[in-house]
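A.B. asks: Take a look and give me a structure for this.
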Amino acid sequence: MLAWHFLAEDKRLGYNDGRLVEVGQTLECEGEPELCGNGMHGSARLIDAVHYARGPIVCRVKIEGDVIEDYNKICGRRRTVLWMLDATRILHEFACACAEDALALVEQPDERSVAGIAAKRSWLKGEITDKKLDSAWAAAWDASQNVAWVASAAAEAAAWAAVRSAARAASRAARDASWAAARAASWAARDAAQDAAWDKQNKRLTAMVMEAHEKEGD
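C.D. replies: Predicted structure coming up:
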């Protein structure tokens with residue numbers, strides 16, 4: 001079964017395993033596969049894989065052998081990496097897009113949140129320093145603490161998450177921003193908007209990753 005899986009920057013397995021992961025390699029677990037307990041995991045949707053990410057290295061994988069499926073994860077005996085990509089920049093850009101979606105749901109988003117996302121995009125272009133981005137992150141944090149209505153609070157939280165500065169925090173920024181954006185959509189519409197938001201985010205992120213992968217292959 002095809003799936004997505006994220007690795008830390010060193011491309012080694014976590015949970016005291018430590019094996020280096022390489023493209024074309026098949027890794028196998030010892031013992032019986034068990035969701036969240038033992039086995040080689042992944043997710044059918046990229047947006048779900050982000051929420052389990054240990055770092056920014058995205059892998060397209062094939063999971064085989066006594067496969068167990070849950071609503072947002074897969075587990076099996078073997079996992080083969082078909083290709084991998086450093087998605088650090090993509091995840092930061094994705095977090096910004098999710099935050100902008102969330103802020104669009106409120107009538108008067110805090111100017112500090114809007115400025116924070118703009119600062120993050122400038123940082124990605126190398127136009128401002130880490131120190132200036134840290135200042136924008138602090139301002140966005142203050143903005144996220146000063147709202148009460150649930151949709152507004154989620155939107156401001158998405159903006160704050162998107163402004164995370166450290167490259168190693170890319171997967172966390174994307175995870176937090178996407179979750180908050182989906183919650184903002186749900187609270188604003190009070191219907192199936194959260195599921196629609198997840199689907200939109202998954203399509204966006206998948207397109208971004210696939211475009212980068214195809215460019216690498218050129």
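A.B. asks: Where does residue 93 sit: helix, strand or coil?
C.D. replies: Classification of residue 93 by DSSP: H, G, I helix; E, B strand; the rest coil places it in helix.
A.B. asks: which one is it nearest to, not counting chain neighbours?
C.D. replies: Leaving aside its sequence neighbours, residue 93 sits nearest to residue 124 (C-beta to C-beta, 6 or more residues apart in numbering; 6.7 Å). C-beta coordinates here come from the backbone N, C-alpha and C atoms, glycine included.
A.B. asks: Isn't the one you found up against residue 89?
C.D. replies: Yes - counting by C-beta atoms under 8 Å, residue 89 is a contact partner of residue 124 at 6.4 Å.
A.B. asks: which residues sit in contact with the residue of the chain positioned farthest from its centre?
C.D. replies: The outermost residue of the chain relative to its centre, with distances by C-alpha atoms, centre = their mean, is residue 31 at 30.0 Å. Residue 31 sits next to residue 38 when contact means C-beta atoms under 8 Å, 6 or more residues apart in numbering.
A.B. asks: Could you confirm it falls within a helix?
C.D. replies: No - assigned with three-state DSSP, residue 31 falls outside any helix and is coil.
A.B. asks: And it, how close does it get to residue 3?
C.D. replies: Here the criterion is C-beta to C-beta, to the nearest Å. By it, residue 31 lies 20 Å from residue 3.
A.B. asks: Quick check: phi and psi on residue 6?
C.D. replies: Main-chain dihedrals, residue 6, degrees, to the nearest 10: phi -110, psi 140.
A.B. asks: neighbours around it, how many?
C.D. replies: 23 (other C-beta atoms under 10 Å).
A.B. asks: Next one: it from residue 38, what distance?
C.D. replies: As judged by C-beta to C-beta, residue 6 and residue 38 stand 19 Å apart.
A.B. asks: Relative to residue 185, how far out is the closest residue to residue 92 other than its chain neighbours?
C.D. replies: Excluding the flanking residues, the one nearest residue 92 by C-beta to C-beta, 6+ apart is residue 170, at 5.3 Å. Using C-beta to C-beta, we find residue 170 at a distance of 23 Å from residue 185.
A.B. asks: can you give me the helices in this protein?
C.D. replies: Ranges of helices within the chain are 46-50, 88-103, 111-124, 130-145, 150-162, 170-189, 193-217, based on DSSP state H.
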